[in-house]
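Participant: Need coordinates for the below:
(one chain, ligands or ions: 1)
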Amino acid sequence: MTRKAIYAGSFDPVTYGHLDVISRALRFFDELTVAVAASQDKNPLFSLPERVDMLSRVTGGMEGVCVEGFEGLLTGFAAKREVKLIIRGLRALTDFEYEFQMALTNRKLDDSVETVFMMPSEAFSYVSSSMIKEIVKLGGSVRAFVPLEIEEELKRKLRK
Ligand code: COA
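Facilitator: Below you'll find the predicted structure:
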């Protein structure tokens with residue numbers, strides 16, 4: 001039986017923290033769909049196709065990973081892909097309340113879907129996409145947090 005899971009998020013942009021969760025998940029799943037949410041309410045810096053493209057590039061060498069964008073409910077996307085497991089990264093206690101609420105809401109929307117939490121390496125437990133965007137905007141380097149090509153994309157967008 002193929003073990004399938006979805007790792008969902010906004011990925012605006014993808015960071016080493018996300019890539020760490022993807023690598024950890026691949027130890028347990030044969031097929032991992034990285035589901036990039038449109039997340040229009042978060043007013044993303046990168047468009048959905050741009051975020052999908054960046055994630056596809058940086059996960060290109062990882063066997064079993066497929067990257068897809070989606071709009072609408074995550075449980076709807078999971079049902080269409082016939083996947084019953086959603087992976088979320090849990091960085092710190094501050095993530096817990098929001099994740100708890102989201103996991104239980106998703107379960108209410110579709111009782112056949114379970115959420116599993118994975119902790120990224122402590123080296124990335126404080127990283128967030130917003131923080132990375134702010135650093136680039138203010139002229140700093142984010143090489144420690146994102147692959148070089150993602151830093152280049154950020155500079156192109158934020159330092160015109
Ligand atoms: N490493 C580094 N940063 C991480 C991380 C990790 N492992 N895991 C999360 N983050 C950061 C992200 O960079 C992001 O930072 P930001 O807020 O500064 O941009 C933050 O944590 C949360 O981002 P993310 O994990 O992408 O979650 P999200 O809250 O943006 O998205 C969705 C959550 C997309 C899964 C959720 O909104 C969703 O399912 N949307 C679809 C609509 C739906 O079904 N709604 C009902 C849900 S109950």
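
Participant: Give the helix, strand or coil label for Asp12.
Facilitator: On the three-state scheme (DSSP: H, G, I helix; E, B strand; the rest coil), Asp12 is labelled coil.

Participant: need the contact list for it.
Facilitator: Ser39, Lys42, Pro44, Leu45, Phe46, Arg51, Ser129, Lys133 (Cβ atoms under 8 Å, 6 or more residues apart in numbering). For every residue, glycine as well, the C-beta is placed using N, CA and C.

Participant: most residues in a single helix of this structure, which one?
Facilitator: helix 93-109 (DSSP state H).

Participant: Is that one in proximity to the ligand?
Facilitator: Yes: using Cβ under 6 Å from any ligand atom, helix 93-109 reaches the ligand at Met102, Thr105, Asn106.

Participant: Enumerate the residues of this protein near the ligand.
Facilitator: Counting by Cβ under 6 Å from any ligand atom, the positions of the chain adjacent to the ligand are 8-12, 15, 17-18, 21, 37, 39, 42, 73-74, 89, 91, 102, 105-106, 120, 124, 127-130.

Participant: what mean pLDDT does stretch 13-20 have?
Facilitator: Averaging pLDDT along stretch 13-20 yields 96.

Participant: again, but for stretch 36-43
Facilitator: Averaging pLDDT along stretch 36-43 gives 96.

Participant: Contacts for that stretch next, please.
Facilitator: 8-12, 48, 51-52, 55, 67-71, 74.

Participant: Keeping just the C-alphas, turn it into PDB.
Facilitator: Only the C-alpha atoms of stretch 36-43 are listed here, as PDB (Å, rounded to 0.1, in the frame of the first residue of the first chain):
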ATOM      1  CA  VAL A  36       0.300  25.400  -1.500                       C
ATOM      2  CA  ALA A  37      -2.700  27.300  -0.400                       C
ATOM      3  CA  ALA A  38      -3.800  30.400  -2.300                       C
ATOM      4  CA  SER A  39      -4.200  32.200   1.100                       C
ATOM      5  CA  GLN A  40      -5.500  35.400  -0.400                       C
ATOM      6  CA  ASP A  41      -6.500  36.600   3.000                       C
ATOM      7  CA  LYS A  42      -2.800  36.700   4.000                       C
ATOM      8  CA  ASN A  43      -2.100  39.000   1.000                       C
END
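
Participant: you'd agree Phe29 is up against Lys4?
Facilitator: Yes: in this structure, Phe29 is within contact of Lys4 by Cβ atoms under 8 Å, at 6.4 Å.
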